[in-house]
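# Provided below are the primary sequence and the corresponding predicted coordinates.
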Amino acid sequence: MIDWVTMKISCDHVGIISNGSVVKVSKDNEIEWTSLSWLQVAGSHDSNIVIRSLSDSQLEISGNPAKWLQGHNLFGTNDLNALCWLFFSKLTSIKELCLTPSVEQIRLIKDGLFTVSRVDINESWLLANKFEVLAWIRSAEQKIRLKHRGAGQFSGTTLVWGKGSKRWLLKCYSKGEEINSKNSNFPDALRTPDMLSYADRALRVELSMKSNALREALLHIPANWNAETARMLLLNSLKGLEMSNNFSLTNDVLATLPPRVRLAYAAWYNGDDLRQILSRPTFYRYRKQLKEYDIDISILRDVEKEPNNVIPLIRVLEAVPAGIPDWAYEQGLVACM
């Protein structure tokens, strides 16, 4: 589903839409710049998006349109154009915003002829229960790496690849854990048995595409998206995930390595944790040398045969994502069909 969107649209409006201004004043008390603050706009079940004027005829909007429209983001549409059009249509009905788009501006938005600088896409894979989801994430930290990025990093209970990147971010987490955390704003009215069961079983994988990546792929214009683009982008990003057990060096490559690096590689290949054996400087020096051959000794290599009850990591993501359940349509839980 399309999760988060930051977009700029042409739309006439009366007055300035903001929640005040941020002003930068120099030490000589001269104003260097002024930036309008975001105005929060409440939607379904008190979910919020933010909006501000860029000029008399241009707006910047940021938030989770699906959640704003339907009160949750357990599932939703992958159609960016249809979602943004429905989202904009609902915004124009809020009298306090005083939006007065022209016929031409309406046409441009409906046709997807505006710009986006961030789009978050997610899919869910349903496991047996929340405990399996959490076990998958813990195992993935140790055994799965992203090509050219290495191992994921934990941020709370979320496993993240590409942290700090200006282009994209990939993460996985337990949706059940998220909506039941103390900071969750998941509406009580939506805590039905069906919804809670779906969330507990959901291994959520999310791709955040930022401005540079969107522009490079010519996807900063929503008109260039179709109903399959979002899922394609996410599934393509998963192709870079690889099990650490799958990597080994050929004898020809081993012969070119310094003897001590070769010994370190052999120890890692046999399952040893080199952090416990080598000094910190030596560990990182050997890691840097071996990463030239796509070997990351910071990821422990599990040499034991996995028992049958261990969740197959990559195989889970090779399955088809869960999509929107039939009961969600029947219960009116999907805003954009």
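Looks like it came in fine.
# only C-alpha atoms for contact and neighbour calcs from this point on.
Will do.
# got a list of what Met90 touches?
Small correction: residue 90 is Lys, not Met. Lys90 makes no contacts at all, as judged by CA atoms under 8 Å, 6 or more residues apart in numbering.
# And Val50, by the same measure?
By CA under 8 Å, 6+ apart, the contact list for Val50 reads Trp38, Leu39, Gln40, Val41, Ile61, Ser62, Gly63.
# pretty sure the third one contacts Arg52?
No. When contacts are counted by CA atoms under 8 Å, Gln40 is not listed as touching Arg52 (9.0 Å).
# With neighbour numbers in mind, choose between these two.
Arg52 (22 against 17; other CA atoms under 10 Å).
# Please report the distance of the more buried one from Leu83.
20 Å (CA to CA, to the nearest Å).
# List the buried residues of the host helix or strand of Tyr265.
Assigned by DSSP states H and E, Tyr265 belongs to helix 259-269. Using 16 or more other CA atoms under 10 Å as the test for burial, helix 259-269 gives Val261, Arg262, Ala264, Tyr265, Ala267, Trp268, Tyr269.
# Report the two members of these separated by the largest distance.
Farthest apart among the buried residues of helix 259-269 by CA to CA are Val261 and Tyr269. That separation is 12.1 Å.
# the domain parsing of the protein - what is it?
2-23+33-243+308-330, 248-291 (automatic domain parsing).
# and the longest strand for this structure?
Using DSSP state E, we find that the single longest strand of the chain is strand 115-126.
# Report the rounded mean pLDDT for that strand.
For strand 115-126, mean pLDDT rounds to 97.
# just stretch 68-78 next, same as before
96.
# Convert stretch 318-334 to CSV, retaining C-alpha atoms only.
Taking Å, rounded to 0.1, in the frame of the first residue of the first chain, the C-alpha atoms of stretch 318-334 are listed here in CSV:
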residue,chain,number,x,y,z
GLU,A,318,9.3,-14.9,-1.8
ALA,A,319,5.6,-15.6,-1.1
VAL,A,320,2.9,-13.2,-2.4
PRO,A,321,2.2,-10.3,0.0
ALA,A,322,-1.1,-10.5,1.9
GLY,A,323,-3.0,-7.7,0.2
ILE,A,324,-6.3,-6.5,1.4
PRO,A,325,-8.5,-9.1,3.0
ASP,A,326,-12.1,-9.6,1.8
TRP,A,327,-13.6,-8.8,5.2
ALA,A,328,-12.0,-5.4,5.1
TYR,A,329,-14.1,-4.4,2.0
GLU,A,330,-17.2,-5.9,3.6
GLN,A,331,-16.6,-3.9,6.8
GLY,A,332,-15.9,-0.6,5.0
LEU,A,333,-12.3,-0.4,6.1
VAL,A,334,-10.8,0.5,2.7
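# If we go by neighbour counts, what in it is buried?
Pro321, Gly323, Ile324, Leu333, Val334.
# Hmm, Ser124 and the second one touching each other?
What it means is Gly323. Yes. Using CA under 8 Å, Gly323 is in contact with Ser124, at 7.2 Å.
# Can I get stretch 291-304 in CSV? Just the C-alpha atoms.
The C-alpha trace of stretch 291-304 is given here as CSV (Å, rounded to 0.1, in the frame of the first residue of the first chain):
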residue,chain,number,x,y,z
LYS,A,291,33.8,-6.5,2.1
GLU,A,292,35.6,-5.9,-1.2
TYR,A,293,34.6,-9.6,-2.0
ASP,A,294,31.0,-9.2,-0.6
ILE,A,295,31.8,-10.9,2.7
ASP,A,296,30.6,-9.2,5.8
ILE,A,297,32.1,-10.7,8.9
SER,A,298,29.9,-8.6,11.1
ILE,A,299,27.1,-11.0,10.2
LEU,A,300,27.4,-14.2,12.1
ARG,A,301,27.3,-17.3,9.9
ASP,A,302,25.1,-20.0,11.2
VAL,A,303,26.8,-23.3,10.2
GLU,A,304,24.4,-25.6,12.0
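# List of residues touching that stretch?
142-143, 145, 148, 150-151, 244-245, 247-249, 265, 268-275, 287, 290.
# how about the helices of the stretch 51-200 of the chain, start to end?
65-70, 80-92, 103-110, 130-143, 175-179, 193-201 (DSSP state H, counting those that start in this stretch).
# Arrange the domains of the chain in CSV, one row each, with distance to Ser298 as further columns.
CSV is the format used below for those (distance: least, CA to CA, whole Å):
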stretch, distance to Ser298
domain 2-23+33-243+308-330, 8
domain 248-291, 7
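# out of the ones you listed, deepest packed?
Stretch with highest mean neighbour count among the domains of the chain: domain 2-23+33-243+308-330 (a mean of 18; mean count of other CA atoms under 10 Å).
# Tell me which strands the longest strand of the chain pairs with, and in which orientation.
strand 2-10 (antiparallel), strand 202-210 (antiparallel) (DSSP bridges).
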